[in-house]
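Asks: Turn this into a structure:
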Amino acid sequence: MGEEELFWRETQTQTQTQSRSQSMDGAASAAAAGWTWPWTLSVLLVLFTYTLLTSPFCSRFRRRLRSFSSSSSSSISTPAATDSLPSIRTISDLDLKNLIDNLNEEEEEEEEVIWENVIHKTSNSISYEAKCCKPKDGPLKYLSVTTFEDCSVDKLLNFYMDNNYRVQWDKTVVRHQQLQLDHPSSTEIGRTIKKFPFLTPREYVLAWRLWQGIDGSFYCFCKECEHPLAPKEKGYVRVAVFRSGWRIRKVPGRNACEIRMVHQEDAGLNVEMAKMAFAKGIWSYVCKMDDALRKYSAGGKQNNIINPTAVLPIQKVPREFEVVKDMKDAENSMATVNQQHAEICTSKKLTRRPSSKLIANGLLLLGGAIYLSRGHSSLGSKVAMAYLASKLTKRGGAAATASSKKTR
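Replies: Prediction:
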């Protein structure tokens with residue numbers, strides 16, 4: 001019995017040991033199986049995330065997100081540290097000279113350019129007229145004059161230079177970004193995105209500069225340029241040729257001012273299509289601009305914006321340009337005066353009128369003759385006619401004598 005009991009106990013001990021080892025192996029396998037799924041899911045999640053981030057859809061989404069955030073935070077972004085950027089020499093006084101010649105239509109006298117009238121519209125508060133021509137080189141050239149009633153030069157200048165407000169009223173402007181303010185050259189560079197119906201958005205990287213004349217007028221010239229802060233991006237068509245300039249000045253004799261503008265732009269459109277689009281849509285655009293100007297003035301925005309002179313110093317128009325302009329104005333005025341004087345002299349030769357003294361004496365004599373004749377009108381008229389004939393004879397004789405003396 002002792003050996004059987006010992007055998008039984010050894011057998012039971014081995015059975016318990018085997019069951020414990022089996023249970024431990026099961027727990028280990030269960031634990032291993034439990035860790036396998038999380039690792040698999042983690043690897044799959046990492047692979048999916050990497051694939052999504054490198055997909056073209058995500059790239060477009062990030063670009064749109066950046067543009068939305070930049071446009072929603074501010075329509076004009078603050079320029080980067082421009083002290084490290086090189087000085088700008090894109091625009092010179094020679095550009096101003098060419099602008100003045102174009103505004104005065106002086107270059108066309110030598111080139112025989114044919115202008116075509118495009119539009120002439122007028123309302124109670126604004127008038128607009130434009131014409132265009134096709135130069136030998138370059139895109140279409142437009143010359144327009146817009147006159148704003150009840151508007152000052154400073155008010156219109158601030159309105160035109162407020163790009164932040166332009167984003168609000170000009171629906172073609174999607175975004176504007178200020179790139180650089182160059183104080184040595186008084187030049188500003190900016191980037192503007194414009195969207196037109198049925199067209200890919202156009203990208204403008206432009207430099208512009210202001211001048212002030214001695215008569216209080218303002219000139220601005222703007223042209224295309226390249227800038228390190230504005231690399232080319234997909235999804236936009238960058239405008240390669242852009243030359244535009246204007247002059248704002250007061251209209252003499254009334255509370256109004258005008259902006260005379262010359263504009264050339266190659267936006268990649270067909271010439272006839274661009275001309276038709278301009279003629280059909282420009283008056284509506286000008287009316288919207290006038291409405292925005294009135295709201296701009298009524299809202300007192302001109303007191304809230306940064307005046308252009310506070311950002312960059314406005315250069316003075318070189319004196320030699322002013323002298324040339326004054327001489328030409330004087331020549332035109334002198335020619336007008338000479339023409340008027342010639343017309344007056346011609347009219348005097350054709351219709352010589354008797355002097356006021358002769359007329360007064362004749363009337364006095366006529367009245368006296370009528371009084372003396374006491375109703376005999378024939379007698380009074382005969383006396384008056386005799387007196388007038390004698391006076392005219394004396395006047396003709398004196399004139400003949402004077403002319404004969406001059407010939408001698």
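Asks: contacting residues for A207?
Replies: For A207, the contacting residues are 88, 90-91, 187-189, 222-225, by CB atoms under 8 Å, 6 or more residues apart in numbering. C-beta coordinates here come from the backbone N, C-alpha and C atoms, glycine included.
Asks: Quick check: which element contains it?
Replies: strand 202-212 (DSSP states H and E).
Asks: would you list every one of the helices in the stretch 201-350 of the chain?
Replies: 271-298, 308-311, 319-350 (DSSP state H, counting those that start in this stretch).
Asks: avg pLDDT for the longest one?
Replies: The one in question is helix 319-350. Here helix 319-350 scores 55 as its mean pLDDT.
Asks: out of the contacts of A207, who's nearest I282?
Replies: C222 (18.4 Å; CB to CB).
Asks: Okay, and the beta partners of that closest one?
Replies: Listed beta-bridge partners, C222: W208, S244 (assigned using DSSP bridges).
Asks: Roughly how far does it sit from H263?
Replies: Here the distance between C222 and H263 works out to 9 Å (CB to CB, to the nearest Å).
Asks: what touches both of the two?
Replies: 243-244.
Asks: So what touches stretch 246-256?
Replies: Under CB under 8 Å, 6+ apart, the answer for stretch 246-256 is 99-100, 103, 147-153, 156-157, 160, 213, 215-220, 257-262.
Asks: Can you name the residues that contact the closest residue to D95 other than its chain neighbours?
Replies: Excluding its sequence neighbours, the residue lying closest to D95 (CB to CB, 6 or more residues apart in numbering) is F221, at 4.9 Å. Residues near F221 by CB under 8 Å, 6+ apart: 91, 95-96, 99, 208-209, 244-245.
Asks: Now the two most distant members of the residues you listed.
Replies: Applying CB to CB across the contacts of F221, the maximum distance is between L96 and S244, 13.3 Å.
Asks: what number of residues lie near the closest residue to P318 other than its chain neighbours?
Replies: Once flanking residues are discounted, P318 sits nearest to D93: 5.7 Å by CB to CB, 6+ apart. Neighbours of D93 under the rule other CB atoms under 10 Å: 15.
Asks: so where is the stretch 51-200 of the chain shaky, pLDDT-wise?
Replies: 51-87, 107-111 (pLDDT under 70).
Asks: pLDDT value on the residue nearest to D95, please?
Replies: pLDDT at F221 comes out at 97.
Asks: For the nearest residue to A130 once chain neighbours are set aside, give its distance to R247.
Replies: Spatial nearest neighbour of A130, excluding adjacent residues (CB to CB, 6+ apart): S144 at 3.9 Å. Note on S144: its distance to R247, by CB to CB, is 12 Å.
Asks: Now for the two: what residues contact both?
Replies: 260-261.
Asks: Any quick ChimeraX command for the buried ones out of the contacts of A207?
Replies: One line in ChimeraX is enough to select the buried ones among the contacts of A207; burial here means 16 or more other CB atoms under 10 Å:
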select :88,90,91,187,188,189,222,223,224,225
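Asks: Next, T122: phi, psi?
Replies: Main-chain torsions, T122, degrees, to the nearest 10: phi -140, psi 140.
Asks: ok, and the closest non-adjacent residue to it?
Replies: Once flanking residues are discounted, T122 sits nearest to Y128: 7.7 Å by CB to CB, 6+ apart.
Asks: The one you found sits in which helix or strand?
Replies: Going by DSSP H and E, Y128 is in strand 126-133.
Asks: ok so, going back, the residue nearest to P318 contacts E320, doesn't it?
Replies: No - applying CB atoms under 8 Å, one finds D93 not in contact with E320, separated by 9.5 Å.
Asks: May I see the domains of this structure written out as residue ranges?
Replies: Annotated domains of the chain cover 78-317, 354-387 [automatic domain parsing].
Asks: Show me the strands in the chain, by range?
Replies: For the chain, the strands defined by DSSP state E cover 76-77, 116-122, 126-133, 141-149, 173-182, 187-194, 202-212, 218-224, 237-238, 241-250, 256-266, 315-316.
Asks: Tell me the strands beside the fifth one, with direction?
Replies: By that I understand strand 173-182. Looking at strand 173-182 with DSSP bridges, its partner strands are strand 76-77 (parallel), strand 187-194 (antiparallel).
Asks: got it, and the last one?
Replies: Applying DSSP bridges, strand 315-316 is found paired with strand 202-212 (parallel).
Asks: Check the fourth one too.
Replies: Here strand 141-149 has these sheet partners by DSSP bridges: strand 126-133 (antiparallel), strand 256-266 (antiparallel).
Asks: Could you export the ones you listed as a markdown table, including distance to E112 and mean neighbour count?
Replies: Formatted as a markdown table, those follow (distance: least, CB to CB, whole Å; neighbours: other CB atoms under 10 Å):
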| stretch | distance to E112 | mean neighbour count |
| --- | --- | --- |
| strand 126-133 | 10 | 18 |
| strand 256-266 | 18 | 19 |
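Asks: now those strands as a markdown table including distance to A277?
Replies: Putting the strands paired with strand 141-149 into a markdown table (distance: least, CB to CB, whole Å) gives the following:
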| stretch | distance to A277 |
| --- | --- |
| strand 126-133 | 12 |
| strand 256-266 | 12 |
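Asks: Out of the ones you listed, which gets nearest to S284?
Replies: With CB to CB as the yardstick, what comes closest out of the strands paired with strand 141-149 is strand 126-133 (10.9 Å).
Asks: Show me the contact partners of that closest one.
Replies: Contacts for strand 126-133 (CB under 8 Å, 6+ apart): 108, 113-122, 140-149, 275, 278, 282-283, 286-287, 290.
Asks: count of neighbours near F159?
Replies: Neighbours of F159 using other CB under 10 Å come to 22.
Asks: now do L210
Replies: The burial count for L210: 20, using other CB under 10 Å.
Asks: roughly how far apart are it and W246?
Replies: According to CB to CB, L210 stands 10 Å off from W246.
Asks: shared neighbours of these two, anything?
Replies: With CB under 8 Å, 6+ apart as the test, L210 and W246 both reach 219-220.
Asks: May I have the beta-bridge partners of the residue nearest to P135 when sequence neighbours are not counted?
Replies: Among residues not flanking P135 along the chain, K141 sits closest, at 5.7 Å (CB to CB, 6+ apart). With beta bridges defined as DSSP bridges, K141 has these partners: C133, Q264.
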